Structures are given as structure tokens and as C-alpha cells.
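[1] Fold the following.
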Amino acid sequence: MLARVWSASIVGIDAVKVGVEVDVSGGLPGIIVLGLPDSAVQESKERVKATLKNAGFAFPMRKIVINLTPADLRKEGPCFDLPISVGVLAASEQVSVELLGDYLFLGEVSLDGSLRPVAGVLPIAAAAHKMGITGLVVPADNAQEACLVEGLAVYAFKNLTDVADFLNYPRRYKPEQLDNTVEMLHATSLHGADLQDVKAQAHGRRALEIAAAGGHNLIFVGPPGSGKTMLARRLPSILPPLSFAEALEVTRIHSVAGLLKNRGSLVCDRPFRSPHHSASGPSLVGGGTFPRPGEISLAHLGVLFLDELTEFKRDVLEFLRQPLEDGFVTISRTKQSVMFPAQFTLVASTNPCPCGYYGDTIQQCTCSPRQREQYWAKLSGPLMDRIDLQVAVNRLKPEEITQQPTGESSATVRERVQQARDRAFQRFENEPNLRCNAQMQSRHLQKWCKLDDTSRNLLEGAIRKLGLSARASDRILKVARTIADLAGDENLQAHHVAEAIQYRTIDRMQ
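    Predicted coordinates:
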């Protein structure tokens with residue numbers, strides 16, 4: 001007998017409907033899997049065989065052919081265990097086939113018949129809803145993730161026996177209900193770090209606030225122990241909370257990456273990713289034979305923190321240039337090309353030289369000019385052009401080290417950041433693809449960043465003196481627009497532009 005069960009496969013961060021056809025016929029006993037299965041799918045035939053026996057079902061000792069359609073799409077991962085098991089049961093007439101055409105099945109099976117969670121359930125659920133699928137059958141641990149898609153009946157089970165009982169007696173079961181996502185979003189943490197812990201460093205705190213309000217990229221340069229990393233790690237605490245739509249975007253990427261199995265249903269905090277400086281280019285931007293999202297996509301709508309920036313390989317850092325400009329990355333392979341979103345705020349920190357003390361007022365630098373030149377040569381001009389805020393962080397004075405922190409808390413700064421973002425949101429009301437000032441293009445600058453004569457003269461003087469490119473001058477305007485939003489000003493003024501210019505003074509430090 002022939003049975004067809006619907007499942008799905010992930011391509012990039014999207015899902016493709018996959019048909020699992022199971023034919024049980026006469027011939028020598030054996031299982032054949034067709035349709036470009038990877039090793040995990042090939043191994044599923046042995047898992048399914050043992051699972052069905054241990055769960056109390058009769059495994060047909062006949063020839064079983066399993067065909068995964070479309071045949072030219074590679075199938076990978078253990079998510080096909082459950083649809084194959086259901087297909088074998090339906091083809092051997094142990095469960096009813098009435099619901100198979102309306103439901104999509106996902107899940108990994110254990111040898112004792114229990115169901116284990118799989119990655120990519122959220123994008124698959126979204127795709128299933130668009131395909132007209134009535135419901136989704138998933139492991140219990142994937143229930144809340146699948147319920148995020150409205151209009152789709154989600155049935156979650158802990159073992160294969162319950163799935164079979166559902167197919168035979170569907171009226172006994174009710175679909176899962178979604179938890180209160182509003183409460184989940186309001187319960188976001190501040191990552192355990194508060195800006196109030198930072199002593200002094202008013203200039204760095206101000207740059208951090210501007211970066212949060214406008215989504216600007218930021219680099220801290222200073223000697224060891226000056227507080228660069230401490231400042232950078234507190235940026236998530238002053239960012240505005242994710243909206244529900246943004247949380248879905250982030251959750252979708254983390255679901256494909258397999259990071260939601262033990263994290264609940266929804267990613268409510270803005271991502272903060274901090275890869276080590278030994279990271280490779282593909283691990284940073286994504287890749288592999290069958291592409292998966294990298295660190296920049298996992299940091300989507302959040303923060304990518306690169307500590308000790310000059311310790312990263314130059315060719316790895318150059319991978320960041322296109323995503324920083326476009327907000328997405330396209331991974332091309334011979335068989336497929338996929339696009340991953342990558343709208344992140346880059347925050348970096350570095351020492352001013354190999355020994356770390358160039359320009360320090362207390363400890364003398366031991367590096368030669370040639371060593372400093374080679375040290376900064378790892379950061380290309382085009383990359384530094386894309387970093388809006390370049391801040392020198394000085395060593396704390398003895399009296400500043402011993403005093404108690406007196407700065408504002410993250411909650412207070414976060415309120416100002418939210419107000420500035422609200423002003424930008426109102427301005428971008430008719431620009432659905434804009435979320436913050438850092439994403440503005442040239443036409444937006446002409447509309448919302450008009451300069452008076454004084455401001456124009458300031459900017460022209462900075463371009464001549466610092467040798468700034470057209471891109472760097474545009475980024476000065478974006479930062480000035482954010483400074484004006486923080487001040488509640490509608491139009492750019494000379495002091496906004498002047499403050500923005502001071503954050504471009506470390507383009508090429510030697």
C-alpha cells in the first residue's frame with residue numbers, strides 16, 4: 001500500500017514543502033530511501049524500525065520504498081523521522097490516512113518511541129500556513145515555537161503512540177495554545193549588566209547612547225583596563241525592547257540555527273554575539289556546503305561585539321564590509337544561493353598599538369612606528385569608513401578608580417533612547433524598510449539632514465582636514481541626525497554636526 005505524508009525542509013531561513021511517500025509491497029524485506037537524503041536521513045530507517053517495534057507497533061517485514069519529493073532537493077537532518085514513521089504506519093494500515101493530506105509532520109524519534117525537538121520549526125510553520133496546511137504535528141518541546149504562527153492548529157506530542165492515537169481519534173485532542181507573548185516581551189532582561197556600573201568615561205557613555213539611539217556602529221580605542229569591553233557589553237541594556245514582529249524575525253533565524261531547543265518559544269532579548277578573534281570568515285557571515293546563518297545573522301537586530309578587533313585576521317574582517325552596508329548577506333554555492341538578514345550594530349574594541357599604551361599618559365609605549373603601522377593595517381579604510389562612532393577611551397585617574405559609580409542607570413538611558421527611536425519611527429512612517437537613522441540612504445539624508453551655512457562649513461572643513469570619504473561624511477550626517485533626535489530637535493544645528501565630527505578622529509591611528 002502507498003501512503004503520503006507531508007513534511008518540510010529548510011533552505012536558508014525559508015522552508016520548502018517535502019512529500020514523504022512510503023510504499024510497502026512484496027519482495028525481500030528491506031528499506032530504501034530515495035530523494036537525495038543526507039546521512040541523518042539515511043540513518044532514520046534504522047531508527048524508525050527500532051522505534052516502531054519498541055513502541056508496540058508491528059513493523060512490516062516487506063520491501064519498503066521511501067521517496068522524498070522533490071527529488072532534486074537535498075534532505076538533511078532528523079526531522080523526517082516522524083513523517084517516515086507515520087508513513088510506514090499508514091502504508092501498513094495501522095493508522096488512519098484521513099488527516100495525512102491536511103497536516104505536516106516534524107520530529108526526531110528516539111528508540112523508545114519518544115519524540116525529540118528539531119531545529120527550524122518556526123519558519124516551517126510559517127511556510128505551512130502559506131501553503132494551506134491545516135495543522136502541524138510536532139514534538140512537545142517545539143509546541144510554543146510552532147504556536148507563534150497564527151491560524152495554524154498545532155498538535156504536540158511526547159511519543160509516537162500518542163501521534164498514532166491522534167490520527168485514529170483526532171477528536172480526543174485539542175490544539176496547543178500560545179503563551180502570553182506580551183508578558184514575555186515585557187519581561188526582557190538587561191543582560192545582567194547595568195551602565196551605572198561604569199565609572200567616569202562620560203565620553204564613552206555618550207557614544208554608547210548615540211549608538212543605541214541610531215543603530216550606529218561603534219569602536220572603542222584605548223589602553224588595557226580603561227573600560228572598553230565593560231562599556232561595549234552594556235549596549236544591549238540600553239537598547240529598546242524588541243517588538244513582536246522583530247522578535248519573530250530573530251526567533252526565526254535562531255530556530256534555523258538550532259538554538260531554540262532549550263530556550264522556550266520566543267527570543268525576547270536583543271541578540272548579543274561575541275565571537276572569538278580566531279573565528280573564520282564562514283563562521284562570521286555564514287556558509288557551509290548547505291549554508292547556515294553565521295554570527296552576523298545571529299546578531300540580527302542586536303549587537304555583534306568584536307573584542308580585540310585588530311587581532312582578527314584582515315581577510316575575515318573584510319567579510320563584514322558588504323553586510324554592514326546592505327543589512328543582509330548572500331551565500332552562493334554551486335547548488336543554491338541563500339540570503340540571510342544581517343541588520344546588526346557592530347561594536348568593537350581595540351588597543352591603540354601592540355603593547356597597548358600608545359598615547360597613554362602614564363605608561364610609555366614600547367612600539368616602533370613601523371609596528372604601529374602594521375598593527376592598524378589590519379583595519380582597512382573601507383571598513384573604518386563604515387564605523388560611525390570612533391571613540392578614544394582614556395585610562396581612569398586614581399580618584400576615579402576609587403570613587404563609587406555616579407552615572408545614570410541603563411533604565412534611565414534606555415528611556416531617552418526609546419524616545420529618540422520613536423521620533424525616528426514617526427519620521428520613517430512612509431519608509432517601511434527603515435528602522436533607525438543608521439539605515440538611511442542618500443535620498444533620506446537630503447530630505448531629513450539639511451544643513452545651514454554654518455553646519456555645511458563645519459562639515460566641509462572636517463572632510464578636508466581628516467580626508468574623509470563621501471561615505472564617512474554621510475555617516476557624520478546620520479550621527480548628527482541621531483544627536484538631534486536625542487535632544488528633541490527637528491532640524492540639524494551646527495552643534496549637532498560638530499559633536500558628530502568628533503567621533504571620526506580615529507579613522508587611521510598610527
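
[2] How many residues are close by A40?
    When neighbours are counted by other Cβ atoms under 10 Å, A40 registers 16. C-beta coordinates here come from the backbone N, C-alpha and C atoms, glycine included.

[3] Enumerate every residue touching it.
    By Cβ atoms under 8 Å, 6 or more residues apart in numbering, the contact set of A40 is E76, G77, P78.

[4] can you check V95 too?
    Per Cβ under 8 Å, 6+ apart, neighbours of V95: V86, L89, A164, L167, N168.

[5] returning to that earlier point: restricted to helices, list the contacts of A40.
    Taking DSSP state H, every one of the contacts of A40 sits outside helices.

[6] Pick the one among the contacts of V95 closest to D141.
    Nearest to D141 among the contacts of V95: V86, at 18.5 Å, using Cβ to Cβ.

[7] pretty sure that closest one is in contact with L99, am I right?
    No. Judged on Cβ atoms under 8 Å, V86 makes no contact with L99 at a distance of 9.8 Å.

[8] shared neighbours, those two?
    Both V86 and L99 are in contact with L167, where contact means Cβ under 8 Å, 6+ apart.

[9] With adjacent residues omitted, what lies nearest to the residue nearest the centre of the chain?
    Nearest to the mean C-alpha position of the chain, counting by Cα atoms, centre = their mean, stands L298 at 2.6 Å. Leaving aside its sequence neighbours, L298 sits nearest to R273 (Cβ to Cβ, 6 or more residues apart in numbering; 5.3 Å).

[10] correct me, but that neighbour touches A299?
    Yes. With contact defined as Cβ under 8 Å, R273 counts as touching A299 (4.2 Å).

[11] ranges for the helices of the stretch 401-510 of the chain?
    410-427, 442-448, 453-466, 470-487, 494-501 (DSSP state H, counting those that start in this stretch).

[12] Pull the number of nearby residues for A377.
    By other Cβ under 10 Å, neighbour count at A377 equals 12.

[13] host element of A15?
    In the assignment (DSSP states H and E), A15 maps to strand 14-25.

[14] what helices or strands is that strand leaning on?
    strand 2-11, strand 63-69, helix 81-91, helix 121-130 (3 or more Cβ pairs under 8 Å, 6 or more residues apart in numbering; DSSP states H and E).

[15] which parts of that strand are buried?
    D14, A15, K17, V18, V20, E21, V22, D23, V24 (16 or more other Cβ atoms under 10 Å).

[16] I'd like the contacts of V95 as a markdown table, with distance to L477 and neighbour count appended.
    Below are the contacts of V95 laid out as a markdown table (distance: Cβ to Cβ, whole Å; neighbours: other Cβ atoms under 10 Å):
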| residue | distance to L477 | neighbour count |
| --- | --- | --- |
| V86 | 58 | 30 |
| L89 | 64 | 28 |
| A164 | 63 | 23 |
| L167 | 61 | 21 |
| N168 | 66 | 14 |
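
[17] and which of those is nearest to T251?
    For the contacts of V95, with T251 as the reference and Cβ to Cβ as the criterion, the closest is V86, at 26.8 Å.

[18] Could you tell me which residues make contact with the closest one?
    V86 neighbours (Cβ under 8 Å, 6+ apart): V5, V95, L100, F105, V163, A164, L167.
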